[in-house]
Every structure is written in C-alpha cells, then in structure tokens.
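Visitor: what shape does this take:
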Amino acid sequence: MLHRLEFLDLQAFIQVAELGSFHEAAQRLHLSQPALSRRIQKLEELLEVSLLERTTRRTRLTAIGADFLPRARRMIEEYESSILGIRELATHQTGTVTIACLPTAAFYFLPSVIREFSEAWPGIRIRILDVSANEGLEKVISGEADFGINMFSAQRPEVSFTQLLRDPFVLALRSDHPLAAKTQIAWADLEQVRLITVSRDSGNRTLLDSAMSAEGIHLNSFYEVQHLSTSLGLVESGLGVAILPRMTMPGPDHEILCSRELPEPRIERTIGLVRSNVHSISGTAQLFIDLLLEKWTHS
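Guide: Numbers count the residues shown, from 1 in each chain. Modelled structure (predicted):
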C-alpha cells in the first residue's frame, strides 16, 4: 500500500490539517477546492480510514488523522531529504556519513576505505562513533548512525548483518613471558597465570565466558578493565596475560607484546556490517558501504 501513497496527496492532507480549511489549503497549493477534495478522498480510500472531520466552518482532524499527521510529515521530509541527497551526491558537494564502529574494528577496517572514499568525494565528511557493541546497535537502530561495524553476537531484529570477517581470539602476553617460549598453549597453562579481562557487559567478554563455560574451563580472572586497549596496557606492564580478539593486537614487530594461538575450542567473533531495517540508507552512506564491501568481502 505504501508505495501507492502519492507525494501530492500527503502534501494536501498536511496543508488542510495545519490550516484547518480546505479553502486556505487550496489557495496555498494552487489547486481548486474540488481537486483538493479528490486528493484527500483518494488518500482516505487508500488508507481505508477517515482523516478529517468537515464542518461548515472548519475542518478538524479525526483521532486517526491526528496520529497520521506526524507520519505524513516524516514521509515528506524523507522524500525531500533523499532528493537533496541525490543532488548533493551528483555534484560531489556535501554530506556526512556516520558510522557506529567497535573501537577495535575502527582502525582495522576504516582508514584505507576512508582514504579512497575521500579522494573520490572530498566534500563528504566522515563521522566515526567508536562505541561498544550494544551502543553501536542502538545508534544504528535510532538512526543516529547510518550503519555500523559490529559483532554478529550482538544482533537485534531491527538490523541486518553482512559478514566481513571472522576474528579469532588469541592469547596476548609479553614476549619475555614464560608461555611465549611454548609452541603450543594448553588451557592448563593458563590456570595459574593472572588473566586480565574486560567487564562482563562487554560483548567480547560474553562470547569468551560462554565458550569457557560450555567446555568447563576455569581461568584465574584477576584484573578487570573496561576497554581492550587498557588490558593490553596491563599485559605490556607485566601484570598478566589477556585473551582477546586478534584484531586488537599490535603488529608482529612490536617490541614487547606478542600473541599465541589458543587451543581448541576455537573462540572467534564474527565482524560485519550492520544496517537498519527501519531507516533508509542515504545515497552518500550507500556509496561508502559499497566501497567497504568491495574491499573486505573479497579480501
């Protein structure tokens, strides 16, 4: 039904609702009153409801009409903003793409794509919200972010998910730690060392705890921090070891930190693109998404 709603019919309804008069609305829209009445009638027939109460003096909204009015305004605004967005896009002028991204994934995924995107469309600004998995989903669902880069385990029915890569968990430790000399790590090796973990409301912590619990593995979680970057700092200081996604580790040429593969069961998180099923994607955001998918789904 929605695709049959016409812009001019919605516009006619909004004008009558705001002015409270068919006569004034017809003048504002440069229509005859019979033509305006036909547009309102067509809209009511399509929706199968009565939107307006007509009296000899004024026209008032029905209860359903009052509920529909903000929806109609929103439809008009989205239509006009999409037209404006296309014009800006065609001339490569302005616009903003807002991305809600896991902090650990931001540096991994975005710089190379942003570089290429900015070379092609220098007038379009990029805004990165580096937030937790749950916060990122909320910002995509609310429309504050155009899309997100997030974990699959944190999904909700209001969004769709496109996988970009699988990110295995590894053991992070100092290169001079006794375990760094071992070619293979066993879970028993970790029972006596101090483990640095992130807080229990973290998506990464939930994923790790679930895997450990399923296998009956109990580790010595001694320190707890809020951010993975903080846990790496404590590891670097020699306070313990950490189990975290490989994506968060510095490069292999780091002077102090190194990583080792974990034994079975394999623990990994799936990182991907999160899009709203409620809000439409702007033309500028779709350009960025296309470039991101081209780069990462074929790499």
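Visitor: helices of the stretch 101-250 of the chain, start to end?
Guide: In the stretch 101-250 of the chain, the helices defined using DSSP state H, counting those that start in this stretch lie at 103-120, 133-142, 203-215, 228-236.
Visitor: tell me which of those sits most buried.
Guide: Mean neighbour count (mean count of other Cβ atoms under 10 Å) peaks for helix 133-142 among the helices of the stretch 101-250 of the chain, with a mean of 21. Backbone N, C-alpha and C define where each C-beta goes, glycine included.
Visitor: what are the C-alpha coordinates of that one, in PDB please?
Guide: Output of helix 133-142 as PDB, limited to C-alpha atoms (Å, rounded to 0.1, in the frame of the first residue of the first chain):
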ATOM      1  CA  ALA A 133      28.700  -3.400  20.500                       C
ATOM      2  CA  ASN A 134      25.400  -2.600  22.300                       C
ATOM      3  CA  GLU A 135      25.800   1.200  22.000                       C
ATOM      4  CA  GLY A 136      26.600   0.800  18.300                       C
ATOM      5  CA  LEU A 137      23.400  -1.200  17.600                       C
ATOM      6  CA  GLU A 138      21.300   1.400  19.400                       C
ATOM      7  CA  LYS A 139      22.800   4.200  17.300                       C
ATOM      8  CA  VAL A 140      22.100   2.300  14.100                       C
ATOM      9  CA  ILE A 141      18.500   1.500  15.200                       C
ATOM     10  CA  SER A 142      17.800   5.100  16.300                       C
END
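Visitor: which elements pack onto it?
Guide: Helix 133-142 sits against strand 96-101, strand 125-130, strand 147-151, strand 159-174, strand 268-276, with contacts defined as 3 or more Cβ pairs under 8 Å, 6 or more residues apart in numbering; DSSP states H and E.
Visitor: highest mean neighbour count out of those?
Guide: strand 147-151 (a mean of 28).
Visitor: relative to Gln226, how far out is Gly136?
Guide: For Gly136, the distance to Gln226 equals 16 Å [Cβ to Cβ, to the nearest Å].
Visitor: what do you get for Ala145?
Guide: Per Cβ to Cβ, Ala145 is found 21 Å from Gln226.
Visitor: between those two, tell me which one has more neighbours.
Guide: Higher neighbour count among Ala145 and Gln226: Ala145, with 27 against 12, using other Cβ atoms under 10 Å.
Visitor: how close does the nearest residue in space to the more buried one that is not next to it in sequence get to Asn220?
Guide: Spatially, and ignoring its direct neighbours in sequence, Ala145 is nearest to Ala100 (3.7 Å; Cβ to Cβ, 6 or more residues apart in numbering). Note on Ala100: its distance to Asn220, by Cβ to Cβ, is 34 Å.
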